[in-house]
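Enquirer: predicted structure and sequence below. I'll ask about it afterward.
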Amino acid sequence: MSLLKRMTAESLGTFWLVLGGAGSAVLAAAFPGLGIGFAGVALAFGLTVLTGAYALGHISGGHFNPAITVGLTIGRRFAAKDVIPYIVAQVVGAVIASAVLAYIASGKPGFDLVASGFAANGFGEHSPGQYSQAAAFVTEVVLSFIFLIVILGSTDKRAPAGFAPIAIGLALTLIHLISIPVTNTSVNPARSTGPALFVGGWALQQLWLFWVAPMVGAAIAGAVYPFMTEEQ
């Protein structure tokens, strides 16, 4: 596939991830009497990756996440020359999804985008459970590491064929079940960037952590997995 086609798939996949995942948090999580809760939000994020990977993975690889792109590159599963174009496409998809979500959410009388938090990621007083910056950083590093290990393992040529999106989607669901109380769950810099641009203020000030920590975790996984499996 041409780079442009792959970038389009990455942008669309990230759009779906943010619209489905963050959208469930903004629109459905606390709906009176029918709210899906944070377990429902966790499942929504997992389902977006599962469905997106099956629909678009054969076009672009189905990264939908700058940290995954970087980790796969370090793990020698992805060409370094395409890293920047992929990340740009992913961020664009996340921002467009956030814009669509903001428009839909604003259709409800009295909706305050900034006051709602708009599913932005945060730490300290902006953490759902008031967790510290250090706790948030460790959480995002460790879970991003595990996420990429699952991706590398399930897409290994020695793994059962055709099941990788299921393992990846379930892993992301579990990651959200663990970390929504800590950071609202990022493990994806693009997913964090879209909502932060609309919330502004504290969300943009804290955005650095949700770029650095997932990148660090994924980079470590990209180095560790080939070592464990003796990939050349």
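Expert: In hand now; what should we look at?
Enquirer: going forward, measure contacts between C-alpha atoms and count neighbours the same way
Expert: Noted.
Enquirer: any low-confidence regions in this structure?
Expert: Filtered on pLDDT under 70, the chain yields the residue ranges 30, 231-232.
Enquirer: so where do the helices sit in it?
Expert: Assigned by DSSP state H, the helices in the chain fall at 3-23, 37-60, 66-74, 83-105, 113-116, 133-154, 164-183, 189-199, 202-205, 209-229.
Enquirer: is it true that Tyr225 touches Ile149?
Expert: Yes. Contact criterion C-alpha atoms under 8 Å: Tyr225 and Ile149 qualify, at 6.6 Å.
Enquirer: for the two, indicate the residue with more neighbours.
Expert: When Tyr225 and Ile149 are compared on other C-alpha atoms under 10 Å, the one with more neighbours turns out to be Ile149, at 22 against 17.
Enquirer: ok, how many other residues are close to the nearest residue to Leu172 once chain neighbours are set aside?
Expert: With sequence-adjacent residues excluded and distances taken as C-alpha to C-alpha, 6 or more residues apart in numbering, Leu172 is closest to Gly46, at 5.1 Å. Neighbour count for Gly46, taken as other C-alpha under 10 Å: 27.
Enquirer: return the distance of Gly46 relative to Asn184.
Expert: Separation of Gly46 from Asn184 (C-alpha to C-alpha, to the nearest Å): 14 Å.
Enquirer: name the nearest residue to the residue positioned nearest the centre of the chain, ignoring sequence neighbours.
Expert: Residue closest to the average C-alpha location in the chain (C-alpha atoms, centre = their mean): Asn188, at 3.5 Å. Ranked by C-alpha to C-alpha, 6+ apart and with sequence neighbours excluded, the top spatial neighbour of Asn188 is Asn65, at 5.3 Å.
Enquirer: that neighbour is in contact with Ile87, isn't it?
Expert: Yes. Counting by C-alpha under 8 Å, Asn65 touches Ile87, with 7.4 Å between them.
Enquirer: need the overlap of contacts for these two.
Expert: Common neighbours of Asn65 and Ile87 (criterion: C-alpha atoms under 8 Å, 6 or more residues apart in numbering): Ala190.
Enquirer: re earlier: tell me who's in contact with the residue nearest to Leu172.
Expert: 168-173.
Enquirer: now render those residues as a markdown table, adding neighbour count and distance to Gly23.
Expert: Output for the contacts of Gly46, formatted as a markdown table (neighbours: other C-alpha atoms under 10 Å; distance: C-alpha to C-alpha, whole Å):
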| residue | neighbour count | distance to Gly23 |
| --- | --- | --- |
| Ile168 | 25 | 20 |
| Gly169 | 25 | 17 |
| Leu170 | 20 | 19 |
| Ala171 | 21 | 20 |
| Leu172 | 28 | 16 |
| Thr173 | 22 | 15 |
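Enquirer: thank you kindly, that will do.
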